[in-house]
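Colleague: Let me see the structure of the following:
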Amino acid sequence: MSLAIYFAVDGPPVGKGRPRASTKGGFVRMYTDAKTLSYEAQIADAASKAMGNNEPLATPIDLRVWVWYRIPKSWPKRTQQEALDGERLPNVKPDLDNVLKAVLDAMNDVVYVDDSQVVNIVAHKRYSAQPRIEVYVNEYLK
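Modeller: Next comes the predicted model:
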């Protein structure tokens, strides 16, 4: 039997920030910005609740992610409806690959042992009245 989980994180999607560097005592220290850390913590919390008492998976993973962006209120009603109907797709920041990186990193040691286990990814950017991400994780079956 394979494990399948679903979870969502409400709010505007956040892409993984670039690593930052600072010096302390003459040494360079790399760190992740606070916005990324906070978003990854939200994802990890939602993933942990979805996992329940299950241990992180050690098998190949099939991942599906839906990234829902807020429809601009300044758009005319007709354009907003086109966005809801999927006729208008978001070409806005953050980039889909950066959002995926945040999702993948946040699920390390929670859903799976390491994100290198992900063998399939399907990701979509769409508009919605409620911005969020939705994540579907399945053990990969041949």
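Colleague: how about the helices of the protein, start to end?
Modeller: Ranges of helices within the chain are 34-51, 77-84, 96-106, based on DSSP state H.
Colleague: In CSV: the ones you listed, plus distance to Val118, mean pLDDT and mean neighbour count.
Modeller: Where you see a C-beta, it was placed from the backbone N, CA and C, and this is true even at glycine. Shown next, in CSV, are the helices of the chain (distance: least, Cβ to Cβ, whole Å; pLDDT from 0 to 100; neighbours: other Cβ atoms under 10 Å):
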stretch, distance to Val118, mean pLDDT, mean neighbour count
helix 34-51, 13, 96, 17
helix 77-84, 29, 96, 14
helix 96-106, 7, 97, 20
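Colleague: Nearest residue to Val122 in space, please, no chain neighbours.
Modeller: Distances taken as Cβ to Cβ, 6 or more residues apart in numbering put Arg64 closest to Val122, at 4.7 Å, once the chain neighbours are dropped.
Colleague: next one: Leu104
Modeller: What sits nearest to Leu104 in space, not counting adjacent residues and going by Cβ to Cβ, 6+ apart, is Asp115, at 4.1 Å.
Colleague: just Gly86 next, same as before
Modeller: Closest residue in space to Gly86, ignoring its immediate chain neighbours: Arg126 at 6.4 Å, by Cβ to Cβ, 6+ apart.
Colleague: Is Gln82 in contact with Leu89, as I believe?
Modeller: Gln isn't right for residue 82; it's Glu. No - Glu82 lies out of contact with Leu89 (Cβ atoms under 8 Å); the separation is 9.9 Å.
Colleague: who's in contact with Lys93?
Modeller: Residues near Lys93 by Cβ atoms under 8 Å, 6 or more residues apart in numbering: Gly15.
Colleague: And it, what's its pLDDT?
Modeller: pLDDT recorded at Lys93 is 94.
Colleague: Would you list the phi and psi of it?
Modeller: Dihedral pair for Lys93: phi -80, psi 150, per degrees, to the nearest 10.
Colleague: State the distance from the nearest residue to Ala8 once chain neighbours are set aside to Val9.
Modeller: Closest residue in space to Ala8, ignoring its immediate chain neighbours: Glu134 at 4.7 Å, by Cβ to Cβ, 6+ apart. Glu134 sits at a distance of 8 Å from Val9 (criterion: Cβ to Cβ, to the nearest Å).
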